[in-house]
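**Student:** what follows is a predicted protein model with its sequence.
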Amino acid sequence: MDIMTSNPELSLVILALIDSTSIGTLIIPLLLLLRGRREVIAKVIIYLLVLAGFYWVIGVLLRSGLLLIDPRIFEHRFFRISGVVLGVVMIIWALTYRTDAQKEADARKKNGALKKTEGTNSAQTPVATEQLPRRLHSRLATALDTRTGLIALALFAGLLELPTMLPYLAAVGVMQSTGWGTGVQLLALIGYCLVMIVPALVLVAARALAGERIENWMRKLGEKAARYAQETLGWVVGIGGYLLIRACLSGQDLQSLFN
């Protein structure tokens, strides 16, 4: 039984939680929280709401077809076959994808120089930001100074994540396949965007309640989140490849498509 069609609500929650682990929805809020104490709480909430609003607007545009190719294009055999091939390539790429840390570890193993204690001290920084796009580094330092800078940071982070919004694309497809009315779909988009920022809001609440007592823990979490940020790309592309293949094969099997 296909979970995407039999349980659309559960599918949307799962996809939203996948989206909640991105740089914009988790890592940047963490880094902002570590730049201050209670005075940054409201500002980080504003950042998250602006980012969620940006996602909602993109979802409305996707649903209306303004940001998508006409779906009738997939009625043509050429585009169906091209989509299947592209989906397979995406899955293969995702399965063979290696982060920079994994590549470095493999290189050390091949050179016979891998040691248990090597790299641990040098890899730890107050807040690991090496996985963030360079253009975000300068904006993080000034985002908390003004509300305009904060909003600009949220919109900028959303724009940078547009190419990897595969879970969101899948979510829009799930909503459209359910047969829900326009109003229900728009409300579902709001729910999706709110669920997407729930993990970051939990961190905001923890920071507000515990203050400095959890600062070290949050710092370690920020380091781990930044270190594994690249890994998100691998499985997001893999999921996108599966969903693309599924869309192209809708109503057809491989034999009837290629013969």
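**Tutor:** Sure, I can see it. Numbers count the residues shown, from 1 in each chain.

**Student:** going forward, measure contacts and count neighbours with C-alpha atoms only.
**Tutor:** Will do.

**Student:** ok, then the element right after the host helix or strand of residue 176?
**Tutor:** Assigned by DSSP states H and E, residue 176 falls within helix 166-178. Downstream of helix 166-178, the next assigned helix or strand under DSSP H and E is helix 182-196.

**Student:** sorry, back to before: put the alpha carbons of the helix holding residue 176 into PDB.
**Tutor:** The C-alpha trace of helix 166-178 is given here as PDB (Å, rounded to 0.1, in the frame of the first residue of the first chain):
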ATOM      1  CA  LEU A 166      12.100  18.500  -3.300                       C
ATOM      2  CA  PRO A 167      10.100  17.400  -0.200                       C
ATOM      3  CA  TYR A 168       7.900  20.500  -0.600                       C
ATOM      4  CA  LEU A 169       7.400  19.700  -4.300                       C
ATOM      5  CA  ALA A 170       6.300  16.200  -3.200                       C
ATOM      6  CA  ALA A 171       4.000  17.700  -0.600                       C
ATOM      7  CA  VAL A 172       2.300  19.900  -3.200                       C
ATOM      8  CA  GLY A 173       1.900  16.800  -5.400                       C
ATOM      9  CA  VAL A 174       0.400  14.800  -2.600                       C
ATOM     10  CA  MET A 175      -2.200  17.600  -1.900                       C
ATOM     11  CA  GLN A 176      -3.100  17.900  -5.500                       C
ATOM     12  CA  SER A 177      -3.600  14.100  -5.800                       C
ATOM     13  CA  THR A 178      -6.000  13.900  -2.800                       C
END
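
**Student:** may I see the buried residues of it?
**Tutor:** By 16 or more other CA atoms under 10 Å, the buried positions in helix 166-178 come out as 166, 167, 168, 169, 170, 171, 172, 173, 174, 175.

**Student:** touching, the third one and residue 16? I think so.
**Tutor:** Pointing back at residue 168 there. Yes: the criterion here is CA atoms under 8 Å, and residue 168 meets it with residue 16 at 7.5 Å.

**Student:** now do the contacts for the nearest residue to residue 192 once chain neighbours are set aside.
**Tutor:** Excluding the flanking residues, the one nearest residue 192 by CA to CA, 6 or more residues apart in numbering is residue 16, at 5.7 Å. Applying CA atoms under 8 Å, 6 or more residues apart in numbering, one finds that residue 16 lies in contact with 167, 168, 192, 193, 195, 196.

**Student:** can you add pLDDT and give those back as a markdown table?
**Tutor:** What follows is the contacts of residue 16, written out as a markdown table (pLDDT from 0 to 100):
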| residue | pLDDT |
| --- | --- |
| 167 | 81 |
| 168 | 86 |
| 192 | 95 |
| 193 | 95 |
| 195 | 95 |
| 196 | 95 |
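
**Student:** farthest pair within those?
**Tutor:** 167 and 195 (13.1 Å; CA to CA).

**Student:** so where's the protein shaky on pLDDT?
**Tutor:** Applying pLDDT under 70 to the chain flags residues 1-6, 36-37, 65-75, 100-101, 112-139, 141, 226-230, 232-233, 251-259.

**Student:** most residues in a single helix of it, which one?
**Tutor:** helix 41-64 (DSSP state H).

**Student:** what does the helix or strand hosting residue 239 rub up against?
**Tutor:** In the assignment (DSSP H and E), residue 239 maps to helix 229-248. Residues outside helix 229-248 that contact it (CA under 8 Å, 6+ apart): 21-23, 74, 80-81, 83-84, 86-95, 97-99, 131, 164, 166-167, 170.

**Student:** ok so, going back, return the member of the contacts of residue 16 nearest to residue 225.
**Tutor:** Checking these against residue 225 with CA to CA, the nearest one is residue 196 at 16.1 Å.

**Student:** the closest one: what's it in contact with?
**Tutor:** Taking CA under 8 Å, 6+ apart as the test, what residue 196 contacts is 16, 17, 18, 19, 20, 25, 52.

**Student:** could I get the residues you listed as CSV with distance to residue 186 and secondary structure?
**Tutor:** Formatted as CSV, the contacts of residue 196 follow (distance: CA to CA, whole Å; DSSP: H, G, I helix; E, B strand; the rest coil):
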residue, distance to residue 186, secondary structure
16, 15, helix
17, 18, helix
18, 20, helix
19, 18, helix
20, 19, coil
25, 21, helix
52, 13, helix
